[in-house]
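> predicted model, plus sequence, below.
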Amino acid sequence: MKAIWNQKVIAESNDTVVVENNHYFPAHSINKEFFKESNTHTNCPWKGRASYYSLEVDGEQNQDAAWYYPETSHAAKQIEGYVAFWKGVEITE
């Protein structure tokens, strides 16, 4: 699977985990040069506290377009540390 934004592959993996129709990519599969830490956090009742990344590709920014759970609840351990996308990021095979 590939995550593409602004015509760049920002993540690629054969080992994504699908939860609630979102592909979660292993942390080692993201192209870190495009990711900037964000101060945004949200809470999911069953997964835990999410942290966010903003994307920067060719001078364009996509605020909080990726999220991950540094520590999950027991029910979501399979995605702990994995990264998922929204806000126009295309997920393709």
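Thanks, I have the structure now. All figures in this text were calculated on a predicted structure; none of them were measured in a lab.

> going by C-alpha atoms from here, please, whenever you check contacts or count neighbours.
OK.

> what's the pLDDT at the residue nearest to T16 when sequence neighbours are not counted?
Excluding the flanking residues, the one nearest T16 by Cα to Cα, 6 or more residues apart in numbering is F25, at 4.8 Å. pLDDT, F25: 98.

> repeat for H28
97.

> cool, and D15?
97.

> look up how far E80 lies from it.
Distance of D15 to E80, given as Cα to Cα, to the nearest Å: 14 Å.

> one more: I10?
19 Å.

> repeat for E93
Relative to E80, and taking Cα to Cα, E93 is found at 22 Å.

> so those two - more neighbours on which side?
E80 (20 against 8; other Cα atoms under 10 Å).

> the more buried one against S51, yeah?
No. Checked against Cα atoms under 8 Å, the pair E80 and S51 is beyond contact range at 11.3 Å.

> shared neighbours of those two, anything?
Y68, Y69, P70 (Cα atoms under 8 Å, 6 or more residues apart in numbering).

> how about the contacts made by A27?
A27 sits next to G81, Y82, V83 when contact means Cα under 8 Å, 6+ apart.

> the second one against E71, yeah?
Spelled out, that is Y82. No. Applying Cα under 8 Å as the test, Y82 and E71 come out as separate, 10.2 Å apart.
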